[in-house]
Structures are given as structure tokens and as C-alpha cells.
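Undergrad: Give me a model of this one.
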Amino acid sequence: GPTVSGIEPGVNPGATAKFGLFGEVLTIGLMMTVVALGVVTLPIALAAGIRHLRRFVAAEDSRAGLFWDDVRAGILPSLVVGVAAALIAGVLTLDVVLAGSGALPGGEVIAVVGWAGLLVLAVAILMAAGAWSPQQGWPAAVREVPAAIRADAAGAAYIAAAAVFTGVVTWALAPLFIAGIGCAALAVVAVPARRRRGVHRTE
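TA: Below is the predicted model:
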């Protein structure tokens, strides 16, 4: 839209309207939740939602139709990632449940490993979804995750905190998953921007 003469809109003009951004996070959270109802469709739901929020904060074209275009473009290739992630999550969750029941020796250690594994999986999915594009595809996006974590370990910790937040609010009240997944997607958008600003300040 039009801007005031002589005033630069900034790097992420769409993020300046805090209430508007909050509303967009909730809206895209609802849309992602609808797509993620299939469980194995969670990766493409996150990827499309992250791309939508990235366009929104950049004040680019952020019509809802573009979100659904991304879903249609990536849903079939994403099923491989979704099924693999669901299987791994299922095994880790079973370990945590069995450890809590006392059926396994060293249950406390197994529970810690299980929870840690679930957190690592959540971070990997979020970061891969953030790297996905219809042109690049999932294999390249997944391969980028280790390098991205090494390049910004603090950023990965922030994304892990967003994943924990989503899990906690969902456990407290299931409908809050909508807000939680929206916030997690926004975290994936915001963390790289935070890193770029930090680099700029040190130059």
C-alpha cells in the first residue's frame, strides 16, 4: 500500500501492525490445523503456513489462496516426511509411556531420552518446513536442517521453545493448538530475521 513520503517502511513492514499480525497468526493457525488433521500432513501444513506468514510480514501478497496453492503443490511429496515423522514420534511416545508405567528397567532415563527425541523431531520438522519451497522440495529442505542448527544453535533453541509451548498449551486445552501452531510457524519466520539483524549490528 501507499507509504508516507520520505519514510522507509522497514524490513518487515507487515509485522509493525501487532494486532494484525496476531490475527494473521490465529487465522493461519486454523488453516494449518485443518490441513494437519491427517497427522501425516503436518509437515506441509507447517511449510505452507510458514511461507504465508513470511509473505505477510514482508507485506507481500498474502492471500489465503496462496496458502492452499502451496498445500496442493507439496502435499503428495510431503507424505514421505509425514509418515516417517509419525512413525518416529509413535515409537518415542511408546517409549515414554512404557517408561512411565515402570515396565522397563531404567525407566527414568528412557523417558528423558524419549522426550528429548520428540523435541529434536519437532525442531527438525519445523526447520525443514521453514526451508521448504515448491521449487526446492523436501529432500533438499531436510538436508539443510543440520547445517542450519550448527549455524544458529540459539535460534534452534528458540524454535524448540516454540515447539514446547505448542505442546504445553495443547495439553492444557486442545483448541489452543490453533494458536500454538501459529506461534510456532511465526517463530520459524522470526528466528532467521533475528539472526540477520544481529549480524548487521556487528558489522
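Undergrad: Tell me the helix or strand right after the longest helix along the chain.
TA: In the chain, with assignment by DSSP state H, the single longest helix is helix 64-101. Next helix or strand after helix 64-101 toward the C-terminus (DSSP states H and E): helix 107-131.
Undergrad: For that next one, the averaged confidence score.
TA: Helix 107-131 carries an average pLDDT of 92.
Undergrad: Taking helix 107-131 as reference, get the angle to the longest helix of the chain.
TA: 170 degrees (axes from the mean of the first three to the mean of the last three C-alpha atoms, to 10 degrees).
Undergrad: Tell me the buried residues in helix 64-101?
TA: Buried positions in helix 64-101, judged by neighbour count with 16 or more other C-beta atoms under 10 Å: 67, 70-71, 73-75, 77-79, 81-82, 85, 88-89, 92, 95-96, 99. (Each C-beta comes from the backbone N, C-alpha and C, glycine too.)
Undergrad: same question, stretch 25-40
TA: Val25, Thr27, Ile28, Gly29, Met31, Met32, Thr33, Val35, Ala36, Val40.
Undergrad: what pLDDT does the first one get?
TA: Just to be clear, that refers to Val25. 93.
Undergrad: lowest average confidence, helix or strand, in this protein?
TA: Across the helices and strands of the chain, mean confidence by mean pLDDT, DSSP states H and E is lowest for helix 177-202: a mean of 78.
Undergrad: For stretch 39-52, give me every contacting residue.
TA: Among residues not part of stretch 39-52, those counted as contacts by C-beta atoms under 8 Å, 6 or more residues apart in numbering are 28-29, 31-36, 62, 64, 66-68, 70-71, 74-75, 78-79, 81-83, 85-86, 125-126, 128-130, 132-133, 138, 141, 181-182, 184-185, 188-189.
Undergrad: In space, what's closest to Ala131 - neighbours in sequence excluded?
TA: Ala141 (4.0 Å; C-beta to C-beta, 6 or more residues apart in numbering).
Undergrad: Counting neighbours, what do you get for that neighbour?
TA: Residues lying near Ala141 (other C-beta atoms under 10 Å) number 22.
Undergrad: same deal with Ser62?
TA: 19.
Undergrad: List the contacts of it.
TA: By C-beta under 8 Å, 6+ apart, the contact list for Ser62 reads Gly14, Glu24, His52, Arg55, Phe56.
Undergrad: where does the protein have low pLDDT?
TA: The chain contains residues with pLDDT under 70 at 1-17, 103-104, 195-203.
Undergrad: switch the cut-off to 90
TA: Along the chain, the model assigns pLDDT under 90 to residues 1-22, 57-64, 94-114, 136, 192-203.
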